[in-house]
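*Asks:* Provided below are the primary sequence and the corresponding predicted coordinates.
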Amino acid sequence: MGPVSTAPIAFLKGHGTENDFVIVPDPDNALDLPAALVARLCDRRAGVGGDGLLHVVRSAAHPEARDSAGEAEWFMDYRNADGSIAEMCGNGVRVFARYLQHAGLVTAGDLAVATRGGVKHVHLAKNGEVTVAMGRARLPEEQATVSVGERSWPARNVNMGNPHAVAFVEDLAQAGDLYTEPPYSPASVYPDGVNIEFVVDRGPRHVAMRVHERGAAETRSCGTGACAVAVATARRDGADPALTGTPVTYTVDVLGGTLVITEHPDGTVEMTGPAVIVAEGHFDPAWFDAAAGASG
């Protein structure tokens, strides 16, 4: 396989609560997208620019998704902005579903999307909101303390398939600049690093958050982080759907917008939020070939 410069290669740009993505439709998995090429496409100065890349492939055409083809027609071959492969991206899967709708490949309603993190069930509402089932939260007993400057806070340990430390603060400014990872202890609680959320109350079942994402810095939105925050806030507020049999819903403001998180009695956490297609076009064939050549 390799890029076919004789035919224009289409792309789109989209975002979910300002978590933005380059979308590359490739139903037959005909494009070779090595890490260095993906990084160039996601470069905000030398390429299109994005927090990641959504490679849209039919499940039956991709060796990592063929086993899911009977359940999910489409596979989200997600790549981070540095070109590395990732299992899942909550904001990304909403934008992926929105693209399928935009392209006329699916209609409003329920659909399944194959990902490296398993098949994800998505609902496209007629009002434009997209809901994704994000799985169940785990609440490990081990807890840590998070510090910024002279201040420290206990942090609730929540795992959404990735680790989170949720700290409740009086003012989001107390999180500092979040350019560097806030220290936490004991480090043994998070042997693989952690995403750290700082949370303030905005009203009944309504909070706002800032997040330092593991291996990065502050980001405009973090879907799994918003889910972790909602679950941690519910427990702080004495709400546990598994015990009461009643779903609990929180509105979570992130820097890039608002997400609505519902935890159900069976433990399933659903995230609802916007997904926007901003633009579509074609890569310049000469530029794409040069970028692909430089990555080879």
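*Replies:* In hand now; what should we look at?
*Asks:* phi, psi for the closest residue in space to residue 192 that isn't next to it in sequence please.
*Replies:* With sequence-adjacent residues excluded and distances taken as C-beta to C-beta, 6 or more residues apart in numbering, residue 192 is closest to residue 163, at 6.6 Å. Yep, even glycine has a C-beta here, placed from its N, CA and C like the rest. Backbone geometry at residue 163, expressed as degrees, to the nearest 10, gives phi -90, psi 140.
*Asks:* report the separation between residue 163 and residue 213.
*Replies:* 11 Å (C-beta to C-beta, to the nearest Å).
*Asks:* what's the burial count for residue 55?
*Replies:* When neighbours are defined as other C-beta atoms under 10 Å, residue 55 has 20 of them.
*Asks:* if you could redo that for residue 202, that was the one I meant.
*Replies:* 12.
*Asks:* what about residue 199, which helix or strand?
*Replies:* strand 195-203 (DSSP states H and E).
*Asks:* and the contacts of that strand?
*Replies:* By C-beta atoms under 8 Å, 6 or more residues apart in numbering, the residues outside strand 195-203 that reach it are 146, 155, 162-172, 174-175, 181-182, 184, 207-214, 222, 224-225, 228-229, 232-233, 251, 253.
*Asks:* give the buried residues for stretch 46-62.
*Replies:* Buried residues in stretch 46-62, counted by 16 or more other C-beta atoms under 10 Å: 47-48, 50-60, 62.
*Asks:* and that stretch, end to end?
*Replies:* The first residue of stretch 46-62 is 29 Å away from its last residue (C-alpha to C-alpha, to the nearest Å).
*Asks:* same question for stretch 169-188.
*Replies:* End-to-end distance (C-alpha to C-alpha), stretch 169-188: 23 Å.
*Asks:* start the count at 46 instead of 1 going forward.
*Replies:* In the new numbering, first residue 46, that becomes stretch 214-233.
*Asks:* give me the buried positions along that stretch.
*Replies:* Across stretch 214-233, burial judged by 16+ other C-beta under 10 Å covers 214, 220-221, 223, 226-227, 229.
*Asks:* rewinding a little: following the strand holding residue 244, which helix or strand shows up next?
*Replies:* Using DSSP H and E, the next helix or strand after strand 240-248 towards the C-terminus is strand 251-257.
*Asks:* for that next one, the averaged confidence score.
*Replies:* Strand 251-257 shows a mean pLDDT of 97.
*Asks:* centre of the chain to that strand, how far?
*Replies:* Distance of strand 251-257 from the chain centroid (C-alpha atoms, centre = their mean, to the nearest Å) equals 15 Å.
*Asks:* check which helices and strands it sits against.
*Replies:* If contacts are counted by 3 or more C-beta pairs under 8 Å, 6 or more residues apart in numbering; DSSP states H and E, strand 251-257 sits against strand 240-248, helix 268-281, strand 293-299.
*Asks:* which of these sits most buried?
*Replies:* helix 268-281 (a mean of 26; mean count of other C-beta atoms under 10 Å).
*Asks:* after that one, which helix or strand is next?
*Replies:* Scanning forward in sequence from helix 268-281 by DSSP H and E, the next helix or strand is helix 286-289.
*Asks:* please enumerate residues in contact with that following helix?
*Replies:* For helix 286-289, the external contacting residues (C-beta under 8 Å, 6+ apart) are 279, 292-293, 308-312.
*Asks:* now those residues: which count as buried?
*Replies:* If you count burial by 16+ other C-beta under 10 Å, the buried members of those come out as 279, 293, 308-309.
*Asks:* columns distance to residue 88 and mean pLDDT on top of the helices and strands packed on strand 251-257, output as a markdown table?
*Replies:* Shown next, in a markdown table, are the helices and strands packed on strand 251-257 (distance: least, C-beta to C-beta, whole Å; pLDDT from 0 to 100):
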| stretch | distance to residue 88 | mean pLDDT |
| --- | --- | --- |
| strand 240-248 | 24 | 97 |
| helix 268-281 | 23 | 97 |
| strand 293-299 | 24 | 98 |
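*Asks:* where do the helices of the stretch 46-195 of the chain begin and end?
*Replies:* 80-87, 135-147 (DSSP state H, counting those that start in this stretch).
*Asks:* run through who's touching the longest one.
*Replies:* Where contact means C-beta under 8 Å, 6+ apart, the residues beyond helix 135-147 that reach it are 57, 59-62, 64, 66, 68, 70, 97, 99, 101, 119, 121, 123, 151-153, 156, 158, 160, 165, 167, 169, 175, 177, 179, 266-269, 272, 316, 318-322.
*Asks:* go with 6 Å
*Replies:* Residues from elsewhere that reach helix 135-147, judged by C-beta atoms under 6 Å, 6 or more residues apart in numbering: 59, 61, 64, 66, 68, 97, 99, 121, 123, 151, 158, 165, 167, 169, 175, 177, 179, 266, 268-269, 316, 320, 322.
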